[in-house]
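K.L.:
sequence plus predicted model, see below.
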Amino acid sequence: MKNLRRNPYRWAAVCFLGTFFCLTGPLFLFCQDLELKASVSATSVPTGRQFTLTVEISGSDIQSSGRPALPDLSAFADYLGSGSSQQFQIINGQMSGTLSLSHHYVARVEGRHTIPAISLDYKGKTYKTQPIDIEITKGSSPAPPPGRKAAPPPSGTGGTLTPESELEGNLFLKAEVDKTTVYPNQPITLVYKIYTRVEVTGTSIAESPRLLGFWSEELSVPQQPRTTEEIVDGKKFLVAEIKKSVLFPADTGEKVIDPLALDCEVRLRSERRSRDVFDRFFDDDFFNNSLFGRRVRTRISSRPIPIHVKPLPEAGRPESFGGIVGRYEMNVSLDKNQANVNDPVTMTVTFSGSGNIKMLPEPRILFPRELEVYDPKVSQNINRRVDAISGNKEFEYVFIPRNAGEYSIEPFTFSYFDPIQENYQTLTSPEFTIKAVNPSGTVSMIPGRSAPADVEFTGRDIRFIKKDLERLHRMGYRFHRSFWFIILLVLPAAAVGTAAVFRRKKDQMERDTAYARSRRASKVTRKGLNTAHKLMRPATQKEFYAEISRALLGYIADKLNMPAAGLMSEEAGQKLQERGVENDIVADVLEILGTCDFKRFAPASSRPEDLEDAYKKARRIIISLEKEKKL
């Protein structure tokens with residue numbers, strides 16, 4: 001202690017080391033688990049080519065974990081050398097690290113070979129990797145003789161791809177579903193993932209799947225995809241989710257989810273080699289020039305996925321079941337139980353849960369005849385930020401008691417099929433009693449009903465009408481001074497002017513595609529509405545609503561000079577708002593498109609008056625859009 005006090009530098013060092021171990025010691029002792037993984041740079045290698053076997057040790061104590069024994073691959077490859085790299089990080093007070101050991105080999109013997117499992121003993125526990133299959137094919141140059149070692153590649157370049165294997169097997173698109181056997185309207189989560197071992201600088205959807213027989217709801221995906229690492233066939237890939245949606249099959253039978261085609265821009269590095277081929281996934285192209293590599297475009301597609309939709313069970317099916325599948329709750333409430341005569345009362349019915357929220361039908365409520373009931377106000381809130389569709393749908397009824405008295409609203413039921421428990425569930429509302437009272441000094445009256453007045457006959461209502469009248473001529477009439485003579489003089493000049501205007505319009509329509517589509521939009525839409533009018537029957541309701549939706553979206557696409565294929569209702573509403581169209585018109589457009597989508601997949605048939613209302617509303621919307629000068 002005296003020596004420490006005499007030497008202040010030694011005393012400071014002791015204090016620093018003590019403080020360091022007190023603060024960092026718990027971090028090193030917090031977690032002692034390790035993870036051992038192995039991968040190769042390529043699973044198919046020509047003879048004479050190099051490949052790299054990478055062993056990764058991850059955990060909180062990689063410094064004292066030791067090194068795994070190097071596998072013996074002398075039967076089919078020559079060892080060149082090895083390199084290592086380390087990485088540490090502290091998250092929430094926990095320290096972890098990754099040690100990468102790269103072993104470089106040259107393929108020598110053709111055939112299929114297996115790299116045996118690599119093991120590591122640490123604190124009485126043995127960690128092992130999975131065996132890796134590798135195929136050595138015949139190369140363009142002879143393999144080096146055994147024992148001859150070429151210079152090893154620079155440290156960290158073991159994963160760099162050779163020109164012969166730039167994209168093949170190193171970039172693909174995969175579609176995954178959470179289930180392949182479902183009931184009608186049971187949700188299916190569909191995820192598209194891109195697997196890459198090359199540097200992808202940009203992607204765009206080239207062809208979307210048609211999804212015939214499915215109702216589709218898109219789930220939100222971050223603009224900057226989160227990436228993970230997966231080992232596929234012994235090779236390490238960077239994986240990112242690029243598209244996610246929930247599908248609801250409309251009916252039973254065998255169905256297929258069509259492939260998704262994706263165009264990718266890939267930068268193949270040549271002179272500047274990165275230590276990690278995944279270091280700039282979806283980055284910008286600031287450094288995209290010949291110095292750092294060349295850019296290529298390629299198209300990748302997912303594989304089709306078969307889906308089996310089995311019918312709903314007949315046993316236990318309630319009479320009130322309307323084809324709804326999912327898990328729901330129902331809440332029914334009144335804003336008041338007593339009201340004055342001619343005062344409005346509000347009844348709110350809310351359905352919440354997970355499933356196809358948009359397809360929830362209007363509840364069947366039997367209101368007393370003495371109540372004047374208005375059409376419900378429908379609102380819905382859908383949550384698309386998780387792996388399933390959930391939310392709520394609300395029906396708000398307003399009714400008015402016109403006479404004093406007590407009125408009872410009988411309970412109503414709502415049934416659905418629970419695919420998890422595979423049985424039917426029925427929800428029942430409570431019974432409500434409304435008491436209507438007269439305000440003091442007033443008398444209850446039913447508006448619109450009055451006693452008819454007596455009609456008095458006077459005999460002088462209709463006067464005598466003279467049937468025959470002689471032909472009259474105006475005095476001093478001359479044809480060359482008449483209006484028709486002037487019309488005949490002006491008509492040729494008007495015809496020439498009209499022809500010139502017509503020719504000018506025709507030339508403009510041939511030159512300007514957007515103008516031509518805008519001018520022809522009304523004609524094409526009227527033709528579509530006429531086709532829908534011919535299908536306005538309950539037996540062809542799906543075709544009727546499909547034609548109404550196609551006519552409206554086609555009209556909007558022509559007016560905005562957008563491709564009609566793939567145009568969604570939400571996108572159409574957003575584009576109309578950007579053009580300055582009134583919010584009421586945009587709301588009507590979204591409402592009729594939502595009704596069409598709902599009715600196309602609704603299991604129940606529509607009434608003839610519902611079809612008539614939808615047709616008239618579509619015509620009114622087209623007329624309102626025609627009056628918009630901003631389109």
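P.N.:
Structure received.
K.L.:
just give the nearest non-adjacent residue to residue 187, would you?
P.N.:
Spatial nearest neighbour of residue 187, chain neighbours left out: residue 246 (4.9 Å); criterion: C-beta to C-beta, 6 or more residues apart in numbering. Where C-beta positions appear, they are placed from N, C-alpha and C, glycine not excepted.
K.L.:
distance of that neighbour relative to residue 223?
P.N.:
Per C-beta to C-beta, to the nearest Å, residue 246 is found 20 Å from residue 223.
K.L.:
same check, this time on residue 55
P.N.:
Residue 55 is 35 Å from residue 223, by C-beta to C-beta.
K.L.:
repeat for residue 107
P.N.:
On the measure of C-beta to C-beta, residue 107 and residue 223 end up 42 Å apart.
K.L.:
between these two, which one's more packed in?
P.N.:
Ranked by neighbour count (other C-beta atoms under 10 Å), residue 107 and residue 223 place residue 107 first, with 26 against 6.
K.L.:
can you read off the pLDDT for the more buried one?
P.N.:
Per-residue pLDDT puts residue 107 at 89.
K.L.:
number of nearby residues for the closest residue to residue 38 other than its chain neighbours?
P.N.:
In space, and not counting its chain neighbours, residue 38 is closest to residue 129: 3.9 Å by C-beta to C-beta, 6+ apart. By other C-beta under 10 Å, the residues close to residue 129 number 21.
K.L.:
show me what the longest helix seen in the chain is packed up against.
P.N.:
If you go by DSSP state H, the chain has its longest helix at helix 483-511. Judged by 3 or more C-beta pairs under 8 Å, 6 or more residues apart in numbering; DSSP states H and E, helix 483-511 is in contact with helix 513-534.
K.L.:
separation between the nearest residue to residue 189 once chain neighbours are set aside and residue 227?
P.N.:
In space, residue 189 comes closest to residue 178 once its chain neighbours are excluded; the distance is 4.5 Å by C-beta to C-beta, 6+ apart. From residue 178 over to residue 227 the distance is 21 Å, taken as C-beta to C-beta.
K.L.:
and residue 321, by the same measure?
P.N.:
According to C-beta to C-beta, residue 321 stands 44 Å off from residue 227.
K.L.:
quick one, strands of the stretch 251-400 of the chain?
P.N.:
253-257, 261-268, 294-301, 305-309, 321-334, 338-340, 345-355, 371-373, 377-383, 390-401 (DSSP state E, counting those that start in this stretch).
K.L.:
surely residue 139 and residue 50 touch.
P.N.:
No. Shown here, residue 139 and residue 50 do not form a contact pair, counting by C-beta atoms under 8 Å, at 11.2 Å.
K.L.:
give me the more crowded residue out of the two.
P.N.:
residue 50 (21 against 16).
K.L.:
what's the nearest residue to the more buried one if we skip its chain neighbours?
P.N.:
Closest to residue 50 by C-beta to C-beta, 6+ apart is residue 106, at 5.5 Å.
K.L.:
would that neighbour count as being in a helix?
P.N.:
No. Under DSSP: H, G, I helix; E, B strand; the rest coil, residue 106 sits outside any helix and is assigned strand.
K.L.:
who's in contact with residue 494?
P.N.:
By C-beta atoms under 8 Å, 6 or more residues apart in numbering, the contact list for residue 494 is empty.
K.L.:
let me know the pLDDT of it.
P.N.:
pLDDT for residue 494: 87.
K.L.:
try residue 409
P.N.:
pLDDT at residue 409 comes out at 92.
K.L.:
also residue 489?
P.N.:
82.
K.L.:
again with residue 220
P.N.:
For residue 220, the predicted pLDDT is 80.
K.L.:
ok so, going back, which among the strands of the stretch 251-400 of the chain is found nearest to residue 568?
P.N.:
strand 377-383 (14.2 Å; C-beta to C-beta).
K.L.:
now the angle from the closest one to strand 345-355?
P.N.:
Per axes from the mean of the first three to the mean of the last three C-alpha atoms, to 10 degrees, the angle that strand 377-383 makes with strand 345-355 is 30 degrees.
K.L.:
quick revisit: which one's more surrounded, residue 321 and residue 227?
P.N.:
Shown here are residue 321 and residue 227; by other C-beta under 10 Å, residue 321 has more neighbours (18 against 15).
K.L.:
quick one, phi psi at the residue nearest to the more buried one when sequence neighbours are not counted?
P.N.:
Nearest non-adjacent residue to residue 321, counting by C-beta to C-beta, 6+ apart: residue 415, 4.2 Å away. Torsion angles at residue 415 (phi, psi; degrees, to the nearest 10) stand at phi -120, psi 150.
K.L.:
and the one 4 residues further on, by the same measure?
P.N.:
The phi and psi torsions at residue 419 (degrees, to the nearest 10) take the values phi -70, psi -20.
K.L.:
also residue 316?
P.N.:
For residue 316, the backbone dihedrals (degrees, to the nearest 10) come out as phi 80, psi 10.
K.L.:
is it in contact with residue 423, as I believe?
P.N.:
Yes. Using C-beta under 8 Å, residue 316 is in contact with residue 423, at 6.3 Å.
K.L.:
and for residue 390, the neighbour number?
P.N.:
18.
K.L.:
same deal with residue 335?
P.N.:
For residue 335, using other C-beta under 10 Å, the count is 12.
K.L.:
with adjacent residues omitted, what lies nearest to it?
P.N.:
Leaving aside its sequence neighbours, residue 335 sits nearest to residue 346 (C-beta to C-beta, 6+ apart; 4.4 Å).
K.L.:
correct me, but the residue nearest to residue 321 touches residue 426?
P.N.:
Yes. With contact defined as C-beta under 8 Å, residue 415 counts as touching residue 426 (4.6 Å).
K.L.:
show me which of these two is the more surrounded one.
P.N.:
Neighbours were counted for residue 415 and for residue 426 using other C-beta under 10 Å; residue 415 has more, 18 against 13.
K.L.:
gap between the more buried one and residue 349?
P.N.:
Here residue 415 is placed at a distance of 15 Å from residue 349 (C-beta to C-beta).
K.L.:
equivalent analysis for residue 392, please.
P.N.:
11 Å.
K.L.:
for the record, mean pLDDT for stretch 187-202?
P.N.:
Per-residue scores along stretch 187-202 average to 90.
K.L.:
flag every buried residue along it.
P.N.:
187-201 (16 or more other C-beta atoms under 10 Å).
K.L.:
now swap in stretch 114-124 and tell me
P.N.:
For stretch 114-124, by 16+ other C-beta under 10 Å, it's 115, 118, 120, 122.
K.L.:
would you reformat these as CSV and include pLDDT?
P.N.:
Formatted as CSV, the buried residues of stretch 114-124 follow (pLDDT from 0 to 100):
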residue, pLDDT
115, 92
118, 90
120, 85
122, 81
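K.L.:
and which of those is nearest to residue 623?
P.N.:
Using C-beta to C-beta, residue 115 comes nearest to residue 623 of the buried residues of stretch 114-124, at 72.4 Å.
K.L.:
for the closest one, which residues are in contact?
P.N.:
38, 40, 53, 71, 73, 131-134, 234.
K.L.:
mind doing that once more with 6 Å?
P.N.:
Residue 115 makes contacts with 71, 132, as judged by C-beta atoms under 6 Å, 6 or more residues apart in numbering.
K.L.:
what's opposite it in the beta bridge?
P.N.:
Beta-bridge pairing for residue 115 (DSSP bridges): residue 132.
K.L.:
would you mind measuring from it to residue 71?
P.N.:
Taken as C-beta to C-beta, the span from residue 115 to residue 71 is 6 Å.
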